[in-house]
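# from the sequence below, what's the structure:
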Amino acid sequence: MNVPIVTLLGRMTLAFLASAGAVTTFAFEAIRQALRPPYYRRQILGQMLEIGYYSLPVVGLTAIFTGMVLALQSYTGFARFSAESAIPNVVVVSLTRELGPVLAGLMVAGRVGAAMAAEIGTMRVTEQIDALTTLSTDPFKYLVAPRLIAGIVTLPILVLVADIIGVLGGWLVGVYKLDFNDAAYLRNTVDFLQFQDVFSGLVKAAVFGFLITLMGCYHGYTSKGGAQGVGMATTNAVVSASILILTFNYFITEAFFAR
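Model prediction:
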């Protein structure tokens with residue numbers, strides 16, 4: 001039996017609104033628990049180590065090759081207009097404003113968001129979360145809040161390191177392949193960079209850290225259906241976090257740089 005298109009659109013709209021409401025309710029409860037003591041310091045430090053330190057290799061590799069490619073591509077385009085001197089400016093602004101936080105966020109979403117969803121989802125289907133409640137331990141306080149705090153604090157630090165590594169990649173290509181003077185390249189980079197460029201990227205990183213951990217915790221916490229449900233939760237966590245990162249990236253850029 002064919003279902004009218006209006007009915008399908010109505011069902012999709014209602015399903016979307018229901019999901020958005022569930023995520024919003026989950027987020028408010030998680031924030032409330034994150035702001036109220038007591039804090040599980042060992043859990044927070046462990047998650048900061050997991051999100052930050054263990055993500056550094058993949059984020060660093062992504063950043064350095066992004067900086068190198070930016071320098072090469074900028075040179076290819078700017079050489080047509082004899083504007084090669086602007087390459088350091090393009091590299092540092094592109095990395096600090098956009099590519100640093102966005103690429104780091106996507107890499108962390110793929111690594112950490114999936115791991116969080118799998119871990120919490122496994123605890124859900126094996127009834128370990130119910131056991132925490134039985135032992136008078138709030139699952140939000142013990143599982144979700146430490147991850148949110150760690151994500152918000154750690155991702156800006158990770159992005160700052162990624163910015164430095166990405167600029168280093170651009171410097172390596174500029175000096176050793178494109179024959180720039182190393183002192184002039186660094187001087188142009190420092191002179192052109194503004195506080196707002198770095199600050200906007202760090203604000204994005206903090207928001208992305210919140211979104212990544214929120215989606216990982218939400219999809220893991222609400223998973224059901226055994227191993228298949230955990231697999232779906234892992235996939236949904238990465239996809240939803242990636243989409244939200246790209247969406248919020250636009251709105252934060254609009255807030256900082258729209259005139």
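# now do residue 2, the pLDDT please.
Per-residue confidence (pLDDT) for residue 2: 63.
# next: residue 160.
For residue 160, pLDDT reads 94.
# got the contact list for it?
Residue 160 is in contact with 198, 202, 205, counting by C-beta atoms under 8 Å, 6 or more residues apart in numbering. Glycine gets a C-beta too; all of them are placed from N, C-alpha and C.
# same deal with residue 65?
residue 169.
# closest to residue 4 among the contacts of residue 160?
Set against residue 4, the nearest of these by C-beta to C-beta is residue 205 (45.0 Å).
# and that closest one, what does it touch?
Residue 205 makes contact with 101, 104-105, 155-156, 158-160 under the criterion C-beta under 8 Å, 6+ apart.
# closest one of those to residue 256?
Nearest to residue 256 among the contacts of residue 205, counting by C-beta to C-beta, is residue 101 at 11.9 Å.
# so what's residue 161 up against?
Going by C-beta under 8 Å, 6+ apart, the list of residues near residue 161 reads 56, 59-60, 63.
# same deal with residue 112?
Residues near residue 112 by C-beta under 8 Å, 6+ apart: 50-51, 55, 151, 212-213, 216.
# where does the residue nearest the centre of the chain land on pLDDT?
Centroid-nearest residue in the chain: residue 105, 2.4 Å away (criterion: C-alpha atoms, centre = their mean). Confidence at residue 105, expressed as pLDDT, is 93.
# I'd like the distance between it and residue 209.
8 Å (C-beta to C-beta, to the nearest Å).
# same check on residue 151?
Residue 151 is 4 Å from residue 209, by C-beta to C-beta.
# name the residues contacting each of those two.
What both residue 151 and residue 209 touch, as defined by C-beta under 8 Å, 6+ apart, is the set residue 51.
# follow-up on the earlier one: which one of the contacts of residue 160 sits closest to residue 17?
Distance to residue 17 across those (C-beta to C-beta) is lowest for residue 205, with 29.4 Å.
# any idea whether that closest one is helix, strand or coil?
Following DSSP: H, G, I helix; E, B strand; the rest coil, residue 205 is assigned to helix.
# now it: how far from residue 29?
Relative to residue 29, residue 205 is positioned 24 Å away (C-beta to C-beta).
# again, but for residue 184
On the measure of C-beta to C-beta, residue 184 and residue 29 end up 53 Å apart.
# check residue 103 too.
With C-beta to C-beta as the criterion, residue 103 and residue 29 are 31 Å apart.
# between those two, which one's more packed in?
residue 103 (19 against 14; other C-beta atoms under 10 Å).
# now for the helix or strand encompassing the more buried one, which elements pack on it?
Per DSSP states H and E: residue 103 is located in helix 100-108. Applying 3 or more C-beta pairs under 8 Å, 6 or more residues apart in numbering; DSSP states H and E, we find helix 100-108 packed against helix 56-78, helix 145-176, helix 195-221, helix 226-257.
# who touches it?
For helix 100-108, contacts defined as C-beta under 8 Å, 6+ apart pick out 51, 55, 58-59, 62-63, 66, 155, 158-159, 162-163, 166, 201-202, 204-205, 208-209, 211-212, 242, 245-246, 249.
# hang on, the earlier thing: which among the helices and strands packed on helix 100-108 is found nearest to residue 5?
Closest to residue 5 of those is helix 226-257 (C-beta to C-beta; 24.4 Å).
# may I see the buried residues of the closest one?
229-230, 232-234, 236-238, 240-242, 244-245, 248-249, 252 (16 or more other C-beta atoms under 10 Å).
# which helices and strands sit right next to that helix?
Contacts defined by 3+ C-beta pairs under 8 Å, 6+ apart place helix 226-257 against helix 100-108, helix 114-125, helix 195-221.
# can you add distance to residue 15 and give these back as CSV?
Compiled in CSV, the helices and strands packed on helix 226-257 are given as follows (distance: least, C-beta to C-beta, whole Å):
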stretch, distance to residue 15
helix 100-108, 26
helix 114-125, 20
helix 195-221, 16
